[in-house]
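Enquirer: Mind looking at a prediction? Sequence and model below.
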Amino acid sequence: MSDTLQTVARMIQGVIGDDWDLDQPIALETSFGDDLELESIEFVSLAEALREHYGDEVDFVAWLSTKELDEIIQLKVGDVVEFIDLCRSSN
Amino acid sequence: MSFLELNRVRFHVQELGPRAEPGESTPAFMAHGLLVDNMASWYFGAAPRVARDRRVVLYDLRGHGRSEAAREGYDVATGAADLAALVQARSEGPVHLVGHSYGALVALRCALDHPQRVRSLALVEAPLPPSRLEEMRSLATSDPQQLLAALPEGLRDALLRGRRRAARARKSLEFLLKESSLVADLAAEEDIPDGQLEGLDVPV
């Protein structure tokens, strides 16, 4: 598991908290919509966690704001990991 | 996570954009709509664009998102008092207020009641007069199931896909419609007299 995936997975678990009922570990293929059932307000908390961890280097909020609602629903954890790695490699 | 107690209710607050006020720019405060809405609509919508050159302050209305599930205070005047308290807590000078739907009514009332705190108003889909508040019709039954069924398809799918999310959406609506004063508060809402609107002295 890549460092980024590990970090993102830990954040997602923190955001979902006690409501956690996923029986499989979070992987690149895990989808935010169908698998994690992340709510919109939980996405906000994930964005906050990412900002606290990566600072201005990774602008997750601006990236998500370019996407349509149905694109966000279909997002996979791997898409976010890829975006983070891309931001960090270009800096 | 960022929480702030205002008017004895715990509010979930997030900020985007530069941490300090860049130059002379005025911060923007944004208020969302009722029931199935929360700050995420702004957070992943217009807020990041506005935050390119100014601080943006977002909050979940009482009983919504991650703010406290208050049993009372869903009338527009209390909502405006909450927003005014937030502005006072997070800005030294007057601010731009942006509101969508019910949030637009809250922003407007805030500007009427606290003109010294507001520099401009941006009202999106403001249900004016308030008696035309779109949600009122669906609220008449106050049945969460019917309300969810009446939502636009895309939004309904986003809210209700899966067990966990659907259960949480229903629970939140059950609370707002059955256990809080929201339905009664909105039914008692009166239209704003023209004279008051004429007195509004900020760009709208």
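Expert: Looks like it arrived, so ask away. Numbers count the residues shown, from 1 in each chain, chains lettered A, B, ... in the order given.
Enquirer: Report all helices and strands that the helix-or-strand element of chain A with minimal mean pLDDT contacts.
Expert: For chain A, using mean pLDDT, DSSP states H and E, the weakest element among its helices and strands is helix A:69-74, scoring a mean of 79. Judged by 3 or more C-beta pairs under 8 Å, 6 or more residues apart in numbering or on different chains; DSSP states H and E, helix A:69-74 is in contact with helix B:153-160. C-beta coordinates here come from the backbone N, C-alpha and C atoms, glycine included.
Enquirer: and the helix it packs on, how far out from the chain's middle?
Expert: 20 Å (C-alpha atoms, centre = their mean, to the nearest Å).
Enquirer: Please pull up the helix or strand immediately following that helix.
Expert: helix B:163-174 (DSSP states H and E).
Enquirer: could you give me the average pLDDT of that following helix?
Expert: In this model, helix B:163-174 carries a mean pLDDT of 84.
Enquirer: Moving C-terminal from the least confident helix or strand of chain A, which element do we reach first?
Expert: Following helix A:69-74 toward the C-terminus (DSSP H and E): helix A:77-89.
Enquirer: Show me what that next one is packed up against.
Expert: helix A:3-16, helix A:40-54, helix A:60-65.
Enquirer: so B:Gln14 sits in a strand?
Expert: Yes: B:Gln14 sits within a strand when classified using DSSP: H, G, I helix; E, B strand; the rest coil.
Enquirer: quick one on the thing from earlier: mind giving me a markdown table with the helices and strands packed on helix A:77-89 and columns for mean neighbour count?
Expert: What follows is those, written out as a markdown table (neighbours: other C-beta atoms under 10 Å in any protein chain shown):
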| stretch | mean neighbour count |
| --- | --- |
| helix A:3-16 | 17 |
| helix A:40-54 | 19 |
| helix A:60-65 | 19 |
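Enquirer: residues from chain A in reach of chain B?
Expert: A:19, A:21, A:33-34, A:37-41, A:43-45, A:47-48, A:59, A:61-62, A:64-65, A:69-70, A:72-73 (C-beta under 8 Å from any C-beta of the partner chain).
Enquirer: can we see that at 6 Å?
Expert: A:Gly33, A:Glu37, A:Glu39, A:Ser40, A:Ile41, A:Val44, A:Val61, A:Ala62, A:Leu64, A:Ser65, A:Ile73 (C-beta under 6 Å from any C-beta of the partner chain).
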